[in-house]
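K.L.:
any chance you could fold what I've pasted below:
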Amino acid sequence: MPGPTSLGRGKVLGIEGELRRVRFVYFVATIAARGLRQASGQEERWVGEWLRERVRRYGGRW
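P.N.:
Just a heads-up that it's a prediction; the model follows:
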């Protein structure tokens, strides 16, 4: 799943049948593949703003 999803930028950690173990900024979740979708433009902008604010506030890579 490249790029942000509606739940935030995620990285698939594992696949088991129809389930995906996904690491997000705030949490790790097991989600049915049918429950994942690409982020809308507005959601992607929100995630980008949130990440830039964290870099400004705390430095480092988010």
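K.L.:
in the protein, which spans are strands?
P.N.:
Shown for the chain, the strands assigned by DSSP state E span residues 4-5, 8-9, 11-16, 19-23, 28-32.
K.L.:
give me the contacts around the third one.
P.N.:
For strand 11-16, the external contacting residues (Cβ atoms under 8 Å, 6 or more residues apart in numbering) are 1, 20, 21, 22, 23, 28. Just so you know, the C-beta spots here come from the backbone N, C-alpha and C atoms, and that holds for glycine as well.
K.L.:
angle of that strand against strand 28-32?
P.N.:
Computed by axes from the mean of the first three to the mean of the last three Cα atoms, to 10 degrees, the angle separating strand 11-16 from strand 28-32 equals 50 degrees.
K.L.:
partner strands of strand 11-16, with direction?
P.N.:
According to DSSP bridges, strand 11-16 forms sheet pairs with strand 19-23 (antiparallel).
K.L.:
now the partner strand: buried residues?
P.N.:
20, 22 (16 or more other Cβ atoms under 10 Å).
K.L.:
go on, stretch 21-36?
P.N.:
Buried residues in stretch 21-36, counting neighbours by 16+ other Cβ under 10 Å, are found at 22, 24, 31.
K.L.:
so which of those residues comes closest to residue 48?
P.N.:
Closest approach to residue 48 among the buried residues of stretch 21-36 (Cβ to Cβ): residue 24, at 14.8 Å.
K.L.:
is it correct that the closest one is in contact with residue 9?
P.N.:
Yes - in this structure, residue 24 is within contact of residue 9 by Cβ atoms under 8 Å, at 7.0 Å.
K.L.:
okay, now the unreliable bits of this structure?
P.N.:
For the chain, the stretches with pLDDT under 70 are 1-8, 62.
K.L.:
hmm, 90 instead?
P.N.:
1-48, 50-51, 54, 60-62 (pLDDT under 90).
K.L.:
please name the nearest non-neighbouring residue to the residue nearest the centre of it.
P.N.:
By Cα atoms, centre = their mean, the chain has its centre lying nearest to residue 9, at 2.2 Å. Distances taken as Cβ to Cβ, 6 or more residues apart in numbering put residue 47 closest to residue 9, at 5.8 Å, once the chain neighbours are dropped.
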